[in-house]
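Chemist: Sharing a model prediction with you, sequence too.
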Amino acid sequence: MQWFEAFAARLEGSTRTCRISFLDMYPKIAGRMAALGFVGVPEEAKAALALRLAELGAAHGIEVGGCGDGALDDAGLARAGCIDAAVVERVAGVRAKRAPGGARRGACRCSPSVDIGTYDTCANGCVYCYANPGTSAAPCGAADPWRLRRYDPASPMLCDELAPDDTVEECASAKLPEAPPRLF
């Protein structure tokens, strides 16, 4: 609560919304979390925690909304996705598909999306990350330090390169329709 309030205070006036969801304790992260003494939020405590975060946000002009967990609905939080169609439309100027279609089952309200990353390439080493196994022997928690040594921000593949026998095919995707003109 202390850190959430500190961030909300610093972001007051420049941030309108905050989206929260509760961590899914995937098997590949459970051991790392337990080793550090972290546990998931008990179901019976989720709504109260979400409500308190919403109160702290509101005190600084930030609407806290929920995605991915029915307990957030129980707390009365705004219903919006982490990848929210209205935000995508406002920022990108294209029509976005509405939920359902999110990555997490249940109360997920995220618009359908495609990750642009690849497993085992992030060097941040976040304990809760399901994208990296986070073995302690690898630098920064990445499972494949070889991939990180090949990181090239100028490459379209970022952390890899084409082998002589690889084939690249362009994915067919429909052009996104323009969003209707805005009144304001």
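Modeler: Perfect, thanks for sending it.
Chemist: ok, the spatially most central residue of the chain - contacts?
Modeler: For the chain, C82 is the residue whose C-alpha lies nearest the centre (CA atoms, centre = their mean; 6.5 Å). When contacts are counted by CB atoms under 8 Å, 6 or more residues apart in numbering, C82 is found next to 19, 21, 67-68, 102, 110. All C-beta atoms are positioned from the backbone trio N, CA, C, and that covers glycine.
Chemist: from these, which two are the most distant?
Modeler: Using CB to CB, those reach their maximum pairwise distance at R19 and G102, which is 11.7 Å.
Chemist: Tell me the secondary structure at the residue lying closest to L53 once chain neighbours are set aside.
Modeler: Take L53 and drop its neighbours on the chain: the residue closest to it by CB to CB, 6 or more residues apart in numbering is V64, 5.3 Å away. Look at V64: counting by DSSP: H, G, I helix; E, B strand; the rest coil, its state is strand.
Chemist: burial count for V64?
Modeler: Using other CB atoms under 10 Å, V64 is surrounded by 24 other residues.
Chemist: before we move on, what about W3?
Modeler: Going by other CB under 10 Å, the residues that sit close to W3 add up to 7.
Chemist: Go ahead and name everything in contact with the helix or strand containing A47.
Modeler: In this structure, A47 is located in helix 43-58 according to DSSP states H and E. Residues outside helix 43-58 that contact it (CB under 8 Å, 6+ apart): 1, 4-5, 8, 18, 20, 22, 41, 63-64, 66, 69, 71-72, 74-77.
Chemist: any idea how far it is from the chain center?
Modeler: The gap between the average C-alpha position of helix 43-58 and the chain average comes to 19 Å, counting by CA atoms, centre = their mean, to the nearest Å.
Chemist: CA atoms only: put that helix into CSV for me.
Modeler: Output for helix 43-58, consisting of C-alpha atoms alone and laid out as CSV, is shown next (Å, rounded to 0.1, in the frame of the first residue of the first chain):
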residue,chain,number,x,y,z
GLU,A,43,-9.3,-15.2,-2.3
GLU,A,44,-11.0,-13.8,0.7
ALA,A,45,-8.6,-10.8,0.8
LYS,A,46,-8.6,-9.8,-2.9
ALA,A,47,-11.7,-7.6,-2.9
ALA,A,48,-10.6,-5.6,0.2
LEU,A,49,-7.1,-5.2,-1.3
ALA,A,50,-8.5,-4.0,-4.6
LEU,A,51,-10.9,-1.6,-2.9
ARG,A,52,-8.1,-0.1,-0.9
LEU,A,53,-6.0,0.4,-4.0
ALA,A,54,-8.9,2.0,-5.8
GLU,A,55,-9.3,4.4,-2.8
LEU,A,56,-5.6,5.3,-2.8
GLY,A,57,-5.7,5.9,-6.6
ALA,A,58,-8.9,8.0,-6.4
